[in-house]
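In: any chance you could fold what I've pasted below:
(chains A and B)
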Amino acid sequence: MSELAAASAAAFWLGILAAISPCPLATNVAAVSYIGKDLASGRRVLAAGAVYALGRVLAYVAVAVLVVSSLLSIPAVASFLQDGMNRILGPLLVVIGAFALGWIPMPKLDWGGRGQALKERAARGGVLGAGLLGILFALSFCPVSAGLFFGSLVPLSVSSGSRIVVPAFFGLGTGLPVVAVAILVGLGMGQLGRVFQAVTRIERWARWSTGVLFIVTGLYFVATRIVGLNL
Amino acid sequence: MNRTRGLVALFIVAGITAALVVLAAPAAATRSAVTSKDTHVVRVYYFHTTQRCASCKKIEALTEEAIRAGFGEELAAGNLEWQLINTDEAPNRHFIKDYQLYTKSVVVVDLVNGQQEHWKNLPKIWELLNDPAAFGQYVRQEVRAYLDKRP
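Out: Here you go, the predicted model:
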């Protein structure tokens, strides 16, 4: 096995370790709910899962390139991604949840039929939304992901001379459990919905629960990262 | 004439060399005496923040357990120290820059006569978090390596 392949496999495993630790549990559950909410379409769930993983890959590659190229100092980046991003994340999740539940009306755009289609897609939270969510959740580092990324992955990236491929495998690893669960849930629920001919009802319930989950997760982040409660 | 000058120069050089040897000898002896009495202390830091997550508490507990189980004598004798530092507190913020901290970290430091000689951040604690036996072995191995760095 070549050195790059070995480093990529190690990075993939580090990513999985980061994903299965308890600290990203809240964002993982929110991500599963978001990706799996289009229960009727297995293809849409698969696409959302793939784009979510791609979002994570892009985020980790960008941070790794900046750090490995010494454009940014590790303590400064790590501090911003753990403290700053997690402070932003809470209120942002509450707002996204409020949009999903229709508590905040979508802005009125007079773009004719195209505008209407865009509005509907935005309200449904399209595949692109999954990618943005992947970037957002990846950049919200917790102690475990920061420890594994800066302590193990960055040195691995430097020693293997790979600023892109190795961090990309780390990103894939961090996204794997979420994508796997979302696909299983999505496809399984899709089958169930079709059997009971209740797809629309289940989808409506799934979207509502995703909105609620985002608000609850957002409030959790506000309470722990901004208010400073030890929950 | 030239020969006399050459002899005088030779005497002067020889005299300076002899003087240097005589002066240097006690200095070397003194240095060697100090070295044999040097104090060598290994300090293990656990750096945390005010916000304590489950994994962070687990790392603290596993590290402390590994040290107490493996180096009871050294701890009692004062050759090994275990310190918890909250980097959110203003007087401790310098540690972030000193040890390039990127998250909660275990750092092993080597002090000779109170002066820091070496330090190492132990990055694998995050990889071994779910394997307490391997975690303990890793920490003990790194601390042992530092204890063996006798001056």
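
In: contacts, neighbours, all on C-alpha from now
Out: Will do.

In: any stretches of the chain with poor pLDDT?
Out: No chain specified, so I'll use chain A. A:1, A:38-41, A:106-125, A:186-187, A:189-203, A:231 (pLDDT under 70).

In: that answer is for a different chain, and I need it for chain B
Out: B:1-37, B:150-151.

In: for it, which residues are neighbours of chain A?
Out: B:51-56, B:96-97, B:100-104, B:123-124, B:126-127 (Cα under 8 Å from any Cα of the partner chain).

In: buried subset of those residues?
Out: B:53, B:55-56, B:96, B:101-104, B:123-124, B:126-127 (16 or more other Cα atoms under 10 Å in any protein chain shown).

In: one step back: among the residues of chain B next to chain A, which lie within helices?
Out: B:54-56, B:96-97 (DSSP state H).

In: closest one of these to A:A138?
Out: Distance to A:A138, by Cα to Cα, is smallest for B:S55 among those, at 18.4 Å.

In: residues contacting that closest one?
Out: Contact analysis of B:S55 by Cα atoms under 8 Å, 6 or more residues apart in numbering or on different chains lists A:22-23, A:143-144, B:129.

In: try 6 Å
Out: Contacts for B:S55 (Cα atoms under 6 Å, 6 or more residues apart in numbering or on different chains) come out as none.

In: the ones in helices among the residues of chain B next to chain A: which two are farthest apart?
Out: B:A54 and B:K97 (25.0 Å).

In: what's the spatially most central residue of chain A sitting at in phi/psi?
Out: A centroid search over chain A (Cα atoms, centre = their mean) returns A:G134, at 3.0 Å, as the residue closest to the centre. With angles defined as degrees, to the nearest 10, A:G134 sits at phi -60, psi -40.

In: ok, it touching A:V57?
Out: No. Checked against Cα atoms under 6 Å, the pair A:G134 and A:V57 is beyond contact range at 8.3 Å.

In: centroid-nearest residue for chain B?
Out: B:D110 (1.0 Å).

In: quickly find the element holding it.
Out: Taking DSSP states H and E as the definition, B:D110 sits inside strand B:105-112.

In: which residues does that strand contact?
Out: B:39-47, B:116-122.

In: now the element after it, going C-ward?
Out: strand B:115-121.

In: just the angle for that following strand relative to strand B:105-112, thanks.
Out: Angle between the axes of strand B:115-121 and strand B:105-112 is 160 degrees (criterion: axes from the mean of the first three to the mean of the last three Cα atoms, to 10 degrees).

In: quick one: buried residues of strand B:115-121?
Out: B:119, B:121.

In: roughly how far is that strand from the heart of the chain?
Out: 4 Å (Cα atoms, centre = their mean, to the nearest Å).

In: who does that strand pair up with?
Out: Under the criterion DSSP bridges, strand B:115-121 sits next to strand B:105-112 (antiparallel) in its sheet.

In: wait, does the host helix or strand of A:S79 contact chain B?
Out: Using DSSP H and E, A:S79 maps to helix A:74-79. Yes. Helix A:74-79 lies within reach of chain B by Cα under 6 Å from any Cα of the partner chain, at A:75, A:78.
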